[in-house]
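Engineer: no FASTA, just this:
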């Protein structure tokens, strides 16, 4: 279970403004984090909110990926490279599988995340900044999976 996570989707109709930070109606709580993801991050963020632990330059893009999955209710896959792991560049492959408690709104996102620090295809991958510029996420029709 090292490369998986379960992220809870919390909805709030209010927009908070504390310390000058605006939070939208969706927040993502890290419910279960696999040991490999803990090793990538350098800390166990289980129980924390995603917007509290993400750092630039990846924060906005990664939050948008989770928002897109939660709002569309569709599985999504991402493949890119980032230097979000300190001074090391990594190839990232992620799969998001949305789940619902009642069948209508996404309540949890099951995440598979693999980071490769020796990535032979790294030059062929888009960067996280490319995703930010073009808004690129890939949604899949479940019948295609």
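Structural biologist: Nice, thanks for sending it over. Everything numeric in this text was worked out from a predicted model, so none of it was measured. Numbering: from 1, shown residues only.

Engineer: If you average the pLDDT over the lengthiest strand in the chain, what comes out?
Structural biologist: The strand of greatest length in the chain, counted in residues with DSSP state E as the criterion, is given as strand 88-100. When the per-residue pLDDT values of strand 88-100 are averaged, the result is 86.

Engineer: Can you list the strands that that strand pairs with?
Structural biologist: Strand pairing for strand 88-100, using DSSP bridges, gives strand 76-85 (antiparallel), strand 106-116 (antiparallel).

Engineer: May I see the buried residues of the last one?
Structural biologist: Residues of strand 106-116 classed as buried under the neighbour-count rule (16 or more other CB atoms under 10 Å) are 106, 108-109, 111, 113-115. In this view, the C-beta of every residue, glycine as well, is placed from N, C-alpha and C.

Engineer: residues touching the residue nearest to residue 43 when sequence neighbours are not counted, list them.
Structural biologist: Leaving aside its sequence neighbours, residue 43 sits nearest to residue 53 (CB to CB, 6 or more residues apart in numbering; 7.9 Å). Under the criterion of CB atoms under 8 Å, 6 or more residues apart in numbering, the neighbours of residue 53 are 30, 41, 43, 45.
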